[in-house]
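Peer 1: show me the folded form of this:
(one chain, ligands or ions: 3)
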Amino acid sequence: MEDPEVLSLTRGIRLEPDVYSRNKAVASCSFSPGTVLLSVPAWCMALVPSEKGHRCDGCAVRVGELLNCSGCRGNYWYCGTKCQRSDWKARHKHICRSYPGFVQSDAYQRLPPDVQVDATLLSHSVARLDTNEISPLEGGRSSSPTSVFFSLLPGPVSMSAAPPICPLNSRNLIPAKLVHEVYSRFGNNNFVIHSHLNPIGHGVFPLASRVFNHSCSPNAAPKYHLVPGEVPRMDITALREIREGEEIAICYLDPALPFQSRQEHLQAIYGFTCRCTRCSFESQLGHIPSPSHDPHESQQLTRALRAYVFPSGFHPGQAIGRSDYSDAYYRMPENLYPVLYQSFLPELSETFSRASHEGSYDVALDAGLTLLAFYLLIYPPNYPQIGLHTLEMAKTAWNAFISGDSVIPEAQLSQMTQWYLTYARAVLDVLGPEGDEGGPLEEVETLSRLLRELQ
Ligand SMILES: [Zn+2]
Ligand SMILES: [Zn+2]
Ligand SMILES: [Zn+2]
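Peer 2: Ligands and ions are numbered 1, 2, ... in the order given. Model prediction:
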């Protein structure tokens, strides 16, 4: 695969040689936050088991009435004839007959749900291989998604770890070597398709994999478009201002994971050691002390974290104006290192969710503010999780206001709701709406309206 062929598919991005990976994507011009840098349709897609029968197997759109494929009754559903026809031609005709037996088999049933969806995705990938398109393996060249897929570097996998695949119609036998070629590029190029950040399927987007490297502090992120009758699209979107000449990178995992977990995951699935700015910084921190379970010391730590991130208290104007906290992260004082310990985030999130669920609003608002301080340090600016969390905080403050179940004065609670909503909107607007209709941006509008009606 010649670089110019990949380049012809992108605008404003050039591929340059890189020290640690094959290439890096570099911005040829500056991009403002929210700019779509690359938009690509899924080469292959499979729904997660819990969404099967609720969404179209072609476009992943959630509709009330779905058409059932009569060949494999109860296994593939479509929003209409357009999706059914195109899916049939692209892949389904090769597996329709054998799919029901495949999903009933012990080999499939034994797999965890996450691997089941990969087994189906791998089956879809193999089923859609058109013998005319396989030429790139033999050295042919074209810029079709299949060729781009085969131009990807294989990951560190052995065939013994491959999930079972659905047998194809005997007339279309695919050689084992080819299945291996597909599988070896599979795990490391497999994206979770989400709607409002809830996983709905797994998909392969070869061009996005080919163009963007990983960083634990990325400046871009994928979002997904679901349109009835069309395959899901991925938009790689700028999270912040990207300057000309800067590398554009996405994060292959949740950036909130601790250093060790990120490194292990990247090594196992992608076969590389991450040397991004953040990993270089964290690798030098040495031993991370665990946070104390003494209530007084634990409170001291969370107070210190909040005072560090919000020196004059949380105010959305201030926080939005200063949306990039990476400098603060790299200058973090040593007494805050325990927040990087692996159990800190899960325990804090658990306290926040449990308290807001149980109606202990004051506890929830307190833990949630600490969580926001942590997110702002750890996530890149405008990362959607920050927006979703501030929306949760707005809802919690609103519920506290409505229930009267709080020691915080009402006026302060409605002000808090307003602040968190303002902040949530500013962050979520950058990535924009994704997936199904509705979602967090609409929730922001609904709650804003309720708040206005009150005044
Ligand atoms: Zn459809
Ligand atoms: Zn079928
Ligand atoms: Zn890294």
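Peer 1: for Phe272, which three-state class applies?
Peer 2: coil (DSSP: H, G, I helix; E, B strand; the rest coil).
Peer 1: show the contacting residues for it.
Peer 2: Tyr20, Ser21, His214, Leu266 (CB atoms under 8 Å, 6 or more residues apart in numbering). Quick note: C-beta positions are derived from backbone N, CA and C, even for glycine.
Peer 1: Asp429 now?
Peer 2: Contacts of Asp429 by CB under 8 Å, 6+ apart are Gly34, Leu441.
Peer 1: where does it land on pLDDT?
Peer 2: Predicted confidence (pLDDT) at Asp429: the value is 94.
Peer 1: same deal with the one 5 residues further on?
Peer 2: The per-residue pLDDT reported for Glu434 equals 92.
Peer 1: that one and Lys223 touch, don't they?
Peer 2: Yes: the pair formed by Glu434 and Lys223 meets the contact definition of CB atoms under 8 Å, at 4.0 Å.
Peer 1: one step back: lowest-confidence member of the contacts of Phe272, which is it?
Peer 2: Tyr20 (72).
Peer 1: please name the nearest non-neighbouring residue to it.
Peer 2: Nearest non-adjacent residue to Tyr20, counting by CB to CB, 6 or more residues apart in numbering: Arg275, 6.2 Å away.
Peer 1: count of neighbours near the closest residue to Pro333 other than its chain neighbours?
Peer 2: Closest residue in space to Pro333, ignoring its immediate chain neighbours: Tyr308 at 7.1 Å, by CB to CB, 6+ apart. By the measure other CB atoms under 10 Å, the count of residues near Tyr308 is 18.
Peer 1: now Tyr308: which helix or strand?
Peer 2: Using DSSP states H and E, Tyr308 sits within helix 295-309.
Peer 1: buried residues in that helix?
Peer 2: Residues Leu301, Thr302, Ala304, Leu305, Arg306, Tyr308, Val309 are the ones in helix 295-309 that count as buried (16 or more other CB atoms under 10 Å).
Peer 1: swap in stretch 354-364?
Peer 2: Ala355, Ser356, Ser360, Tyr361, Ala364.
Peer 1: ok, those residues vs Leu178, which is closest?
Peer 2: Ser356 (50.6 Å; CB to CB).
Peer 1: for Leu377, list the residues it contacts.
Peer 2: For Leu377, the contacting residues are Val309, Tyr325, Ala328, Tyr329, Met332, Val339, by CB under 8 Å, 6+ apart.
Peer 1: helices along the stretch 201-350 of the chain, start to end?
Peer 2: Under the criterion DSSP state H, counting those that start in this stretch, the stretch 201-350 of the chain contains helices at 206-211, 259-265, 277-283, 295-309, 316-321, 326-330, 344-358.
Peer 1: right, so of those helices, which gets closest to Leu152?
Peer 2: That would be helix 206-211 among these, by CB to CB, at 5.5 Å.
Peer 1: close to ligand 1: what parts of the chain are there?
Peer 2: Residues of the chain lying near ligand 1 by CB under 5 Å from the ion: Cys56, Gly58, Cys59, Cys79, Cys83.
Peer 1: redo those residues as a markdown table? Include pLDDT and neighbour count.
Peer 2: Conversion of the residues of the chain next to ligand 1 to a markdown table gives the following (pLDDT from 0 to 100; neighbours: other CB atoms under 10 Å):
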| residue | pLDDT | neighbour count |
| --- | --- | --- |
| Cys56 | 97 | 25 |
| Gly58 | 96 | 26 |
| Cys59 | 97 | 26 |
| Cys79 | 97 | 22 |
| Cys83 | 96 | 24 |
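Peer 1: out of the contacts of Leu377, which one sits closest to Ala176?
Peer 2: Distances from Ala176 to these, taken as CB to CB, are shortest for Tyr329 (47.6 Å).
Peer 1: quick check: closest non-adjacent residue to the closest one.
Peer 2: Leu377 (4.9 Å).
Peer 1: quick revisit: any chance of the residues of the chain next to ligand 1 in a markdown table, with secondary structure too?
Peer 2: Converted to a markdown table, the residues of the chain next to ligand 1 look like this (three-state DSSP):
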| residue | secondary structure |
| --- | --- |
| Cys56 | coil |
| Gly58 | coil |
| Cys59 | coil |
| Cys79 | coil |
| Cys83 | helix |
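Peer 1: mind putting the residues you listed into JSON lines with distance to Lys89?
Peer 2: Shown next, in JSON lines, are the residues of the chain next to ligand 1 (distance: CB to CB, whole Å):
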{"residue": "Cys56", "distance to Lys89": "16"}
{"residue": "Gly58", "distance to Lys89": "11"}
{"residue": "Cys59", "distance to Lys89": "15"}
{"residue": "Cys79", "distance to Lys89": "16"}
{"residue": "Cys83", "distance to Lys89": "11"}
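Peer 1: greatest separation within the residues you listed: which pair is it?
Peer 2: Going by CB to CB, the pair spanning the residues of the chain next to ligand 1 furthest: Gly58 and Cys79, at 7.1 Å.
Peer 1: quickly list what's touching both of the two.
Peer 2: Counting by CB under 8 Å, 6+ apart, the contacts common to Gly58 and Cys79 are Gly229.
Peer 1: mind checking the longest helix of the chain?
Peer 2: When the chain is parsed with DSSP state H, its longest helix is helix 410-431.
Peer 1: out of the buried residues of stretch 354-364, which one sits closest to Glu445?
Peer 2: Closest approach to Glu445 among the buried residues of stretch 354-364 (CB to CB): Ser356, at 21.0 Å.
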